[in-house]
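Student: give the three-dimensional model of this entry:
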Amino acid sequence: MLLSIASKADTTYIFTLNEFLASVVKFHPIAKQAGLLNLKADANLMMARGNFDPNLSGTYDAKTFDNKNYWQQLLTEISIPTWYGLQPKIGYELNEGIRESDNSFRYLGNENVNLPNGLLYAGVKASLGSGLVLDERRSILKQAKLLLAQNEFDRQNALNDLLFEAFDAYNAWYLSHNKINVLSNALATGSLRLNAIKRLAELGDLAGIDTVETLTQIQMFELMLNDAKIELTHQQFWLNTFLWDENQSPIYLEPNIKPESLKNNSLNVQDTILKSTNFNAIIQQHPKIKSIVSKTEQLDIEALLKTNKLLPKLDLNYNILLNDATNNPPLQYGNYTQNYKWGAELKIPIFLRTERANLNLTKLKIQETDLYLAQTENELNNKAISYQQQFAILQQQLVLSQKMVNNYRLLLNSEQQKFDLGESSIFLLNSREQKLFESELKLMELEYKYFKTLSALKWSLSLWVNG
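Tutor: Numbering: from 1, shown residues only. Here you go, the predicted structure:
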């Protein structure tokens, strides 16, 4: 889009800071990669919720030997995992095979009831030891929800870093353009003066050496201008690295595209923040801090799960048999208490070395994360205070530097008047002019540092995305 605008326009097109940053947020690959974090978290959350999907299982087993049907077994079951560790289920069992004369099962075994229409049952499985408070599937789902929030914080943090770097590139691009403007004006003014001095020298009003003095200064300005053009080329290519179109193709700015002035741009930083003496509350909202806190919460869930695994594993399994074993009568209330199947499974690791080691490792991870959180909070707070103090000093320097520029301009004008009256020399006039342009370049460098420091303060407080 920028290329098409530039190619159709013969005049200068001002590429504003807001347009630039909006393009970075919308099209830059890092911004798009940061957006993928939420999609990944959504996929992880769906996968975690899948652990609570109903399960349909079935088995079939048959044996035929010597042309005799020893057995055929068909077992089907639907189970539904729930949040509280209970697992309701309903199933169907069909058993066929050779019987003894007393109707007992010779090959199937007495526990496998043989009914003409099969056996329908309903029951529940429950964990009363390890897995009662928290099990794997609940732990994974809780962590997936926290990961969804953490990835959003990581996305914001990535955008905060990206916009900080992008603004630095724009700021440097703006500085290079200003340098070229100042040096171009200096070169144009020096060229006019050189022509005038040549005429005065030809008339004998000035010595010929004065033309050499003026020419030398012009040559110095030409060298500085060429250096500034090289710097502008470098800064423009740096800026281009942040520009992409909707097709993920890089954009290269045309020469007639210029930056807007940043002199009256406050970067949306409130005075209360610039004068604040305590950044703790703001830093707690920093996405990097929130991401670490979310990671700690995930580790807490992992620690709770591994603590729960220190308990004995006791699983109860109870099934109501919905058909009578011999007469197969209609369902009645009495059948629920007379026909049932239940069991229990108990498992107790003797030394619990694996479980205790896993818990200790998780606790160490929590300690590491807590230390990293404290370190990050302290670093961000110190950086914010440092940038705030630098900003205050740079504000004073800008005022002082602007006064110096104004004073050098007054001195140059005064020297020009003296020169016109024949009371000064070309050396003094060129010296005044050189000091003026040097002070203007110094002012521009201070403006660059001023905006870079303000941008860094925004970055340390995450105001690029939360401001």
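
Student: from T189, how far out is the closest residue to G91 other than its chain neighbours?
Tutor: Distance criterion Cβ to Cβ, 6 or more residues apart in numbering; nearest residue to G91, sequence neighbours excluded, is E77 at 3.6 Å. No exception for glycine: its C-beta is placed from N, CA and C like everyone else's. Going from E77 to T189 by Cβ to Cβ, to the nearest Å gives 93 Å.

Student: rewinding a little: and the pLDDT for the residue nearest to G91?
Tutor: In this model, E77 is scored at 90, pLDDT.

Student: now swap in R432 and tell me
Tutor: On the pLDDT scale, R432 is placed at 89.

Student: residues contacting it?
Tutor: Residues near R432 by Cβ atoms under 8 Å, 6 or more residues apart in numbering: Y408, L411, L412, E415.

Student: now the residues you listed in TSV, with neighbour count and pLDDT?
Tutor: Listed next are the contacts of R432 as TSV, based on neighbours: other Cβ atoms under 10 Å; pLDDT from 0 to 100:
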residue	neighbour count	pLDDT
Y408	19	93
L411	16	92
L412	20	89
E415	19	86
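
Student: tabulate these (JSON lines), appending secondary structure and distance to T277.
Tutor: Output for the contacts of R432, formatted as JSON lines (DSSP: H, G, I helix; E, B strand; the rest coil; distance: Cβ to Cβ, whole Å):
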{"residue": "Y408", "secondary structure": "helix", "distance to T277": "37"}
{"residue": "L411", "secondary structure": "helix", "distance to T277": "41"}
{"residue": "L412", "secondary structure": "helix", "distance to T277": "43"}
{"residue": "E415", "secondary structure": "helix", "distance to T277": "47"}
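
Student: quick check, nearest of the residues you listed to E260?
Tutor: Y408 (26.6 Å; Cβ to Cβ).

Student: the residue nearest to that closest one when sequence neighbours are not counted: what's it in contact with?
Tutor: Nearest non-adjacent residue to Y408, counting by Cβ to Cβ, 6+ apart: L436, 4.2 Å away. L436 is in contact with V405, Y408, R409, L411, L412, counting by Cβ under 8 Å, 6+ apart.

Student: for N171, give me phi and psi.
Tutor: Phi and psi for N171, reported as degrees, to the nearest 10, are phi -60, psi -40.

Student: what does F242 give?
Tutor: Dihedral angles for F242 - degrees, to the nearest 10 - are phi -100, psi 0.

Student: just the one 4 residues further on next, same as before
Tutor: Comment: the main-chain dihedrals of E246 come out as phi -70, psi -20, following degrees, to the nearest 10.

Student: tell me which helix or strand in this structure has the weakest average pLDDT.
Tutor: Of all helical and strand segments in the chain, the minimum by mean pLDDT, DSSP states H and E falls on helix 2-8, at a mean of 48.
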